[in-house]
Every structure is written in structure tokens, then in C-alpha cells.
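1. what shape does this take:
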Amino acid sequence: MEWIREVLQYFLLFFQKSGYVGVFFLMALESTIVPIPSEVVVPPAGYLASKGELSLLGVILAGTFGSLAGALLNYYMALKFGRPAFLRFIRKYGQYVLLTEASFLKMEGFWHNHGHISTFVGRLLPGLRHVISIPAGFARMALTLFCIYTTVGAFIWCTVLALCGYYFGKNEALLKEYLAKGSYGVIIFSGLLIVGYVLLKYKLLKRTPKGKV
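-> Have a look, this model is predicted:
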């Protein structure tokens, strides 16, 4: 509990000085392969919003567009360098960014299994949200669709985090509890979305006449 208090205090001081720019910058980093958890970035800014030092909507939007900026960087890096170069990077430097080849292959399999919607769902899932944009770049996913899915997913997640900070930021124990509950709720929501998507896709395939793609 003590380290949580220290981390939250650090970000409170940081956002008091940097405001929305700080939220944008850190969430952009969080959406690359830099291991900065969003759970310790957005809630302190949400708490400052409860004190009137920042706007709640401003915090959510800064976090959302920061996430989009970081995701676009991943997307273009994947597009430019390709899968073989990225795998070589992970094998050599992955330990420094908490990304193993096994976890990357798992994330890549998730994207291939569920298609474009995984870009949206992946933004809501721990362990996937900061790297789900990479296979989208490998697959040359349409940029407009990528931006829409990423923005909507990031907006939902940043809203959950900001609201937790807004209402429970004073109490570290409650904040931790509701962050966990919020995470579980988002994971369940994501699972339902995937099931709904798979069922819809199956239904459409059954309606497609044989011989047609």
C-alpha cells in the first residue's frame, strides 16, 4: 500500500505542473512498448479533477488522444519495419520493456483470430492494450478504421480510470479496489463483445450462398 501511495503522490505533483500535456504524454508512452501502466497515470489526474484543478472531460480526452498517438507510433513502426525486424527486437530487448516473444505471439494470435475488432477490444484488456496496434500495422489495417477502434477503446478505458480517480482518489485502498472491479468489468464486457462478434460473423457466413466469398 505504501508504494501505491508514493506513486500516486508522484503523479499528483507531476500533473499539477504539467496538466493535460502530462496526461497526453504519459498515455502516449503507455500505448507504445514503454512499460508505464495507465492505472497509475489517469487516476491521479482524475483526482485532481475532483478538486477542480483539472477538468474530468479534459483528463479523459487527453488520455484518449495520448493513447491514440502512441498506438499510431506502434502502427507505423510495424508498417515500416515489418514482423521479422520486430521479433528480432523483442528477442534482444524485450526483457527491458517487459515484453516476451511468447506474449507477443499470443497477442498476435488474438488479433488474427478476431480480426479488426480486436484492435478495439485489445485496448480494454491488460497485457494487450499497449501492443495490439502492432499486428494491425503488420496487416496494413485501414488507417481510418484503426483510428476509430483505437479511439473508442481508449476512451472507454480512460473514462473508467478517470472516474475511479475522481471518486476514490483520496483513499488508496478504495481506489485499488475499484480499479480492480473496473478492470474485471471491462474484461467481461470485452468477452461479451468478442462472443457477439463471433456469433454475428457465423450467422453472416451461414447466410452467404455457397460459391460466394
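2. three-state assignment of Ile36?
-> Three-state call for Ile36 (DSSP: H, G, I helix; E, B strand; the rest coil): coil.
3. give me the spatial nearest neighbour of it, chain neighbours excluded.
-> With CB to CB, 6 or more residues apart in numbering as the criterion, Ile36 has its nearest non-adjacent residue at 4.6 Å, and that residue is Glu30. Where you see a C-beta, it was placed from the backbone N, CA and C, and this is true even at glycine.
4. next: Ile33.
-> Val97 (4.6 Å).
5. okay, now the one you found: neighbour count?
-> Using other CB atoms under 10 Å, the number of residues around Val97 comes to 15.
6. you'd agree it is up against Val34?
-> Yes: distance between Val97 and Val34: 6.6 Å, which falls inside the contact criterion (CB atoms under 8 Å).
7. between the two, which contacts overlap?
-> Listed contacts common to Val97 and Val34 are nil; contacts here mean CB atoms under 8 Å, 6 or more residues apart in numbering.
8. for Cys158, give its distance to Gly66.
-> Separation of Cys158 from Gly66 (CB to CB, to the nearest Å): 9 Å.
9. no, scratch that, I was asking about Gly82
-> From Gly82 across to Gly66, the span is 26 Å (CB to CB).
10. which of these two has more residues huddled nearby?
-> Just comparing Gly82 and Gly66: by other CB under 10 Å the higher neighbour count belongs to Gly66, 27 against 12.
11. who's in contact with that one?
-> Per CB under 8 Å, 6+ apart, neighbours of Gly66: 23-28, 30-31.
12. in helices, which of those appear?
-> Among the contacts of Gly66, the members falling in helices (DSSP state H) are 23-28, 30.
13. ChimeraX command for the buried members of the contacts of Gly66?
-> Buried residues among the contacts of Gly66 (16 or more other CB atoms under 10 Å), as a ChimeraX selection:
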select :23,24,25,26,27,28,30,31
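14. dump the contacts of Gly66 into a markdown table; add distance to Phe120 as well.
-> Below are the contacts of Gly66 laid out as a markdown table (distance: CB to CB, whole Å):
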| residue | distance to Phe120 |
| --- | --- |
| Val23 | 22 |
| Phe24 | 21 |
| Phe25 | 24 |
| Leu26 | 22 |
| Met27 | 17 |
| Ala28 | 19 |
| Glu30 | 17 |
| Ser31 | 14 |
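15. alright, I will stop here.
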